[in-house]
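**Q** mind looking at a prediction? Sequence and model below.
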Amino acid sequence: MRIVLDESKCTGLGMCEAEAPDIFEVQDDGSLTVLDETPPEDARDEAQAACDSCPTGALTLEDD
């Protein structure tokens, strides 16, 4: 599994970070850092919830 961030859509609201703080971090300038682009399979539910929570659709979860 791989997390894909569309930076052109991300507004740095932090919904993803609230759902999965081990995977996402919003920086002081409002940009998003994906801390783990390929999280382990046991983090799938957390990663999917974070992607689903993004109001701008900037995050997607793709299977390898």
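**A** Sure thing, it's come through.

**Q** and Cys51, helix, strand or coil?
**A** For Cys51, the secondary-structure state derived from DSSP: H, G, I helix; E, B strand; the rest coil is helix.

**Q** that one against Thr60, yeah?
**A** Yes: applying CB atoms under 8 Å as the test, Cys51 and Thr60 come out as touching, 6.0 Å apart. Bear in mind the C-beta positions are built from the backbone N, C-alpha and C, glycine included.

**Q** and for these two, which residues touch both?
**A** Both Cys51 and Thr60 are contacted by Ile3, under the criterion CB atoms under 8 Å, 6 or more residues apart in numbering.

**Q** in this protein, what residue spans correspond to helices?
**A** Per DSSP state H, the chain has helices spanning 15-19, 44-53. These are given in chain order.

**Q** contacts for the longest one, please.
**A** Residues outside helix 44-53 that contact it (CB under 8 Å, 6+ apart): 1, 3, 15-20, 22-24, 39, 59-61.

**Q** starting at the chain centroid, how far to that helix?
**A** 7 Å (CA atoms, centre = their mean, to the nearest Å).

**Q** low-confidence regions, this structure specifically.
**A** Within the chain, no stretch falls below the threshold (pLDDT under 70).

**Q** which residues in it form strands?
**A** Using DSSP state E, the strands found in the chain span residues 2-5, 24-26, 32-34, 59-62.

**Q** what pairs with the second one, parallel or antiparallel?
**A** Here strand 24-26 is paired, per DSSP bridges, with strand 32-34 (antiparallel).

**Q** list the buried residues for the strand it pairs with?
**A** Residues Leu32, Val34 are the ones in strand 32-34 that count as buried (16 or more other CB atoms under 10 Å).
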